[in-house]
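S.K.: Quick one, fold the following:
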Amino acid sequence: MATASELPHAVCVELAREAIAAGPDGYSPVAANERARQFRDALLGPVINATGVLLHTNLGRAPFAISTAAQATNIEFDLASGERGSRQTAVGGLFAMLCGAEAAMVVNNTAAAVLLVLAALANGRDVLVSRGESVEIGGGFRVPEVMEQSGARLVDVGTTNRTRLAEYSKAMSRKAADVAVVLKVHPSNYRIDGFVETASVKQLATLGVPVVADIGSGLIDANCPWLGGPPPAWLANEPAARQTLADGAALVTFSGDKLLGGPQAGIIAGRADLVRACQQHALARALRPGAHVLLALQALALAYLDRTVVDVVPFWRMAATTVNDLTVRAHQLVAAAGCGEVVATEATPGAGSAPNAGIASVGVRISGDHLVALRRARPPIVARNRDGVTVLDLRTVNPADDHFLVEALRVCAS
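M.R.: Below you'll find the model as predicted:
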């Protein structure tokens, strides 16, 4: 089976058996080949993101290389004492530096971070959450459901569009109230405009109980010092870890694979006593990341501290690329392919980061709907189609992959 050349023999045999069992006229080479192609395409592998969505959840969010030698690491070994150590010490210490926090730790993702924090600090007790922040996140998971699994009791405060500091105070003063923490949730891709009001972290920090701020997207510093200039306009109003902690949050939780630009992970940073309580909770072992993720996060944190982010982190390299550079690439692509048209486009951060924000970009447009043909290219190319026109946005394409786009455009135009 030609299309099955990349598959193990045992898989090809099983697919051939399935084709025989399914075909009314017995074995069909065409049917077997199609099954092999579908099986191969369903396997995980690299794709070219030409959608203009920098953090495409379905395409793995932030692209970040995880490459480690096949050898032992001192993940839980203290080289100084020769005793068992903690896998949180090195990477946690680096992220504490980055965030301006007393301590930090890493878990599998942000939902795990929120779950662990609430289980460790608020099991069997009240957690105040604004109704406007009791949101649903990706994959259908909802804040109330995550909270329920932690054993904490959700106490809704305010209304969907307006929640004032006084309403938090009122909830705390109720006779049966046993408030452990106030949870402030960044709504990510959910927005209410117009007649709205929210209490800031700085205001909530005056209540006398720990404020846990789930800032979601993982912007480390609102000033973006790693860019060597002012922060981009599309990041306006995006909460950042350093500033949120400086405003009085006891803990912040955020993603590793969004604006941070690294692998999937959840980071908890803030007061040392609260981070320690999370580390000592039984769930911490179930939610801990492996060595590969920790090594990748260590490299990422060192790049931030060394101000080499744009050189090392693909997300920030994509975000920082100028429109002029993209335009030059687009014209080169069109010339090499002998087809297509250079067009101005608008990229977006994606993954709930900086919702409704647009980033000026450039793409190549070709008439017709070629999405299926592009996905069947090797490597597959994921693009956009609108009104019968296919657009490949170059902001999200690694320049090293431009030659794949040239070949794909030629096929589409033929």
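S.K.: didn't residue 177 look like it was pressed against residue 170?
M.R.: No: at 9.5 Å, residue 177 and residue 170 do not qualify as touching, with contact defined as C-beta atoms under 8 Å. (Glycine included, C-beta is placed from N, CA and C.)
S.K.: Please read off the pLDDT at residue 9 from the model.
M.R.: At residue 9, the pLDDT value in this model is 88.
S.K.: Provide the count of other residues in contact range of it.
M.R.: Residues contacting residue 9 under the criterion other C-beta atoms under 10 Å number 8.
S.K.: do the one 4 residues further on as well
M.R.: Around residue 13 there are 11 other residues, counting by other C-beta under 10 Å.
S.K.: try residue 102
M.R.: For residue 102, the neighbour count with other C-beta under 10 Å is 16.
S.K.: can you tell me how far it sits from residue 158?
M.R.: As judged by C-beta to C-beta, to the nearest Å, residue 102 and residue 158 stand 30 Å apart.
S.K.: now do residue 359
M.R.: 33 Å.
S.K.: Could you do residue 414 as well?
M.R.: If you go by C-beta to C-beta, the gap between residue 414 and residue 158 works out to 59 Å.
S.K.: Looking at those two, which is more packed in?
M.R.: Between residue 414 and residue 158, counted using other C-beta under 10 Å, the more crowded position is residue 158 (23 against 6).
S.K.: Identify the residues contacting that one.
M.R.: Contact analysis of residue 158 by C-beta atoms under 8 Å, 6 or more residues apart in numbering lists 130, 131, 132, 164, 167.
S.K.: Beta-bridge partners for the first one, please?
M.R.: Beta bridges link residue 130 to residue 157, judged by DSSP bridges.
S.K.: since we're on residue 12, how many residues are nearby?
M.R.: For residue 12, using other C-beta under 10 Å, the count is 17.
S.K.: what kind of secondary structure is it in?
M.R.: Three-state call for residue 12 (DSSP: H, G, I helix; E, B strand; the rest coil): helix.
S.K.: What's the separation between it and residue 31?
M.R.: 13 Å.
S.K.: Show me where the stretch 101-250 of the chain has its strands.
M.R.: Here the stretch 101-250 of the chain has its strands, by DSSP state E, counting those that start in this stretch, at 103-107, 126-130, 153-157, 179-185, 211-216.
S.K.: Point out the one among those strands that comes closest to residue 250.
M.R.: For the strands of the stretch 101-250 of the chain, proximity to residue 250 was assessed by C-beta to C-beta; strand 211-216 is nearest, at 5.6 Å.
S.K.: So which other helices or strands are in contact with that closest one?
M.R.: helix 110-122, strand 179-185, helix 201-204, helix 241-246, strand 251-255 (3 or more C-beta pairs under 8 Å, 6 or more residues apart in numbering; DSSP states H and E).
S.K.: So for the third one, what gets flagged as buried?
M.R.: Translated: helix 201-204. Neighbour-count burial for helix 201-204, counted by 16 or more other C-beta atoms under 10 Å, picks out 201, 203, 204.
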